[in-house]
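> model this:
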Amino acid sequence: MITQGDSIQILQSEDDIKSFLGNLDNPQKVFSWIHVHGLALSCNFSDSAVIQNDDGQSWNAVFTEHTQGCSPIIRERVQVNVNIEDWSITEFARAEISRIEGACIGRKPPGVLSFSQAELKKDCNTLGASLARHAAYEAASVVAFEQLKKELDKYNAPQALLNRI
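Model (predicted):
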């Protein structure tokens, strides 16, 4: 899904996404294409890089991927090559860079079902599965904000704050 102002457009296939991107002529488009293919790029782009190869036919990208978000939290350094002509992505290096036991990234509000690691990995490379996960987490955030507002109201939070939620 893409937005521009008040306009919303749903890209339903890889061809739609390719048409939207036009071509892979800059690092942002390369990272977008990598993300579409299910690689969980870290939100911290300061540790990422995309460099066009001398032949002009491909890009090499290096980034951090969260490969597991809960007990343990695992982060890996990933290197891929993205071909400009056929849009293929080839992973050529991967190494675990951190592991944190007994912790999880974020939390789900009460009443929201958790995805098992098997469910998250199932069909993770399909656009539909990726969009479904994003939609589920977006719906969970709506529930979380509704619950937050109720709890703040219960504890007599200022009305100005409640109006912003």
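
> any chance you could map the strands in the protein?
All strands of the chain, identified by DSSP state E, fall at 2-4, 7-9, 49-52, 58-69, 73-83, 89-100.

> Let's test this: mean pLDDT of the biggest helix by length in the chain, rounded?
In the chain, ranked by residue count with DSSP state H as the criterion, the top helix is helix 127-154. For helix 127-154, the mean per-residue pLDDT is 80.

> For stretch 145-164, measure first residue to last.
Across its full length, stretch 145-164 reaches 11 Å between end residues, using CA to CA, to the nearest Å.

> so how far is that stretch from its chain's centroid?
Distance, stretch centre to chain centre, for stretch 145-164: 29 Å (CA atoms, centre = their mean, to the nearest Å).

> cool, and stretch 49-64?
The answer for stretch 49-64 is 20 Å, by CA atoms, centre = their mean.

> That stretch: which residues count as buried?
Taking 16 or more other CB atoms under 10 Å as the basis for neighbour counts, the residues of stretch 49-64 that come out buried are 50, 52, 58-61, 63-64. Backbone N, C-alpha and C define where each C-beta goes, glycine included.

> measure that stretch end to end?
Its first and final residues considered, stretch 49-64 spans 10 Å by CA to CA.

> And stretch 97-104, by the same measure?
End residues of stretch 97-104 are separated by 17 Å (CA to CA).

> thinking again about what came up before, of the strands of the chain, which is nearest Lys150?
Closest approach to Lys150 among the strands of the chain (CB to CB): strand 58-69, 26.7 Å.

> List the contacts of the closest one.
Strand 58-69 is touched from outside by 24, 27, 30-31, 34, 39-42, 44-45, 47-53, 73-84, 97, 104-106, 117, with contacts defined as CB atoms under 8 Å, 6 or more residues apart in numbering.
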